[in-house]
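Colleague: any chance you can model this:
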Amino acid sequence: MKKLWLFFFPLLFLPNFGSSQQTSFGVLEISDWLIVPFIFLLLIAPSAGYRQRISQLIPFLWAFLIWSFFSILTIHFRYDYLDDSLVLIGSCLKLCRLALYVFTTILIARKLTDPIVRLQWMWSLVAALALLSLGLLASTRVNQSLSSSDTIEGYKSYNLMIVSVAILCSYIVGLWIDNTGTRRWRRIAAFVVVCAGCSVVLSSSLTSHGRGGWLAFAAGFGYLFWKRTQAVKTLAILVMLSVISATAYETLPSFKALIDATLSPAGNSNPESVDDGGRVSTWQHEAPKLVDAPLFGSGFFHRGGESGLWSSGSHNFFLQMFLETGLVGGGILIAIVICAWRQACQPLAARNRVGLSTRAALITAIAGGMSGEYFYGGAGILILFAVFAIVGSLPHERLIYAKSGARLQPMRWRLA
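Modeller: Below is the predicted model:
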């Protein structure tokens, strides 16, 4: 029972397939139902008896949640709604969902008490990636055979799942390059990553393209190649990606059409143009609206209506947080990213061979967040903190000592 949460975690990424529920404030996915029993399993599992590195991140997380809640409360006084109850309830529910998933991921780090559990957690992450890959393929087949609707979609947001797959792939490949984990884990992880890449290619089409995820893939893998240029495994990954891409372009009409439409949306008359999905123009349109509410923002997840913001968002998570929570909330978010990056750069993370992979995953997440608002809660934020969990579970350097005779010797926390 105490380790059942490790087996339950991948189930949070099951496709919806009719189990999603449309409400007045959004769509409830299967993960929103399964997160409650998952938290229960985490609560009964043993926790670490030492201060972990994630404790340095917690004050920033609390500050962001409190400030976001405060920005919601100010909506009533700053905007002229005849009845703002639905706006306030919707924003509060969205913030509560975010808090629930963040709390869950903090609990995960607390449960990674020793190297053995961390190795088991790595298996759980590989299983989650495998389930996401199967879900992408299965949902694609369902949508090809049936008319598209929310009730049959495999996942609420295809683009979000591609970014989640990119984050997990960058993390797992980083571990693989640094020979982290057992030999058996590395073999199976390599196979699952290849399958994940194939599932992304096979599920892509003009309507479900996930190009933000492609950019995230490129950023994360590019960082790995830059830091491990001379590694033989790096060359193997580069060759594998080239073969998969070239084969898919030549054999899959939908993938070929998507690449052509992206690189040359205007046809042969303008071969150098690139279709960015209107991202840059959207940022240029929305960013100046920060001056309308520079301190509090429009209110967390307060879009459309009297807010002045597009209801569809700016398609940039970081810009959107500045717009919705102001300079203070946006600044706290940047501080969270910087703190996480610094934790991944610590010597203890390098000794455990998880520093490179965690930094690659963070870069992937940042690149993915630049193309959409994927971290309000759900799979996006869950995956983001999941790949940080091992680094967050490590103790502070000053605590890593044990008596050995008359001298203090450093304890070993290295993964097998």
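
Colleague: the spatially closest residue to Gln120 that is not a sequence neighbour and Leu88, how far apart?
Modeller: Of all residues not flanking Gln120 in the chain, Leu6 sits nearest, at 5.2 Å (Cβ to Cβ, 6 or more residues apart in numbering). Quick note: C-beta positions are derived from backbone N, CA and C, even for glycine. Going from Leu6 to Leu88 by Cβ to Cβ, to the nearest Å gives 38 Å.

Colleague: of these two, who's got more company?
Modeller: Between Leu6 and Leu88, counted using other Cβ atoms under 10 Å, Leu6 has the larger neighbour count: 20 against 17.

Colleague: name the element the more buried one belongs to?
Modeller: helix 4-8 (DSSP states H and E).

Colleague: before we move on, the earlier item: surely the residue nearest to Gln120 is in contact with Trp121?
Modeller: Yes: counting by Cβ atoms under 8 Å, Leu6 touches Trp121, with 6.4 Å between them.

Colleague: residues near the closest residue to Ser199 other than its chain neighbours, how many?
Modeller: Once flanking residues are discounted, Ser199 sits nearest to Ser133: 4.0 Å by Cβ to Cβ, 6+ apart. Ser133 has 26 neighbours, counted by other Cβ under 10 Å.

Colleague: per-residue pLDDT, Ser133?
Modeller: At Ser133, the predicted lDDT confidence score is 91.

Colleague: mind giving me the packing neighbours of the one helix or strand it maps to?
Modeller: Using DSSP H and E, Ser133 sits in helix 115-145. On a contact count with 3 or more Cβ pairs under 8 Å, 6 or more residues apart in numbering; DSSP states H and E, helix 115-145 meets helix 4-8, helix 158-177, helix 183-203, helix 379-386, helix 389-393.

Colleague: what's near enough to touch the residue nearest to Ser199?
Modeller: Ser133 sits next to 165, 192, 195-196, 198-200 when contact means Cβ atoms under 8 Å, 6 or more residues apart in numbering.

Colleague: Gly297: what secondary structure?
Modeller: Classification of Gly297 using DSSP: H, G, I helix; E, B strand; the rest coil returns coil.

Colleague: nearest to Gly372, out of the helices and strands packed on helix 115-145?
Modeller: Relative to Gly372, the nearest member of the helices and strands packed on helix 115-145 by Cβ to Cβ is helix 158-177, separated by 5.6 Å.

Colleague: how about the strands of the chain, start to end?
Modeller: Taking DSSP state E as the test, the strands found in the chain are 21-23, 26-28, 401-404, 407-410.

Colleague: next one: the second one to chain centre, how far?
Modeller: Taking Cα atoms, centre = their mean, to the nearest Å, one finds strand 26-28 lying 19 Å from the centre of the chain it belongs to.

Colleague: and that strand, which strands flank it?
Modeller: Take DSSP bridges as the rule and strand 26-28 pairs in its sheet with strand 21-23 (antiparallel).

Colleague: what's the mean pLDDT across stretch 199-210?
Modeller: Rounded mean pLDDT across stretch 199-210 is 74.

Colleague: got the end-to-end distance for that stretch?
Modeller: 12 Å (Cα to Cα, to the nearest Å).

Colleague: ok, of the strands of the chain, where does mean pLDDT dip lowest?
Modeller: Ranked by mean pLDDT, the strands of the chain end with strand 407-410 at the bottom, a mean of 36.

Colleague: what residues of the helix holding Leu6 count as buried?
Modeller: 5-6, 8 (16 or more other Cβ atoms under 10 Å).

Colleague: where in the stretch 51-200 of the chain is pLDDT low?
Modeller: 139-154 (pLDDT under 70).

Colleague: ranges for the helices of the stretch 251-400 of the chain?
Modeller: If DSSP state H, counting those that start in this stretch is used as the criterion, the helices of the stretch 251-400 of the chain fall at 253-263, 279-286, 317-344, 347-351, 355-369, 379-386, 389-393.
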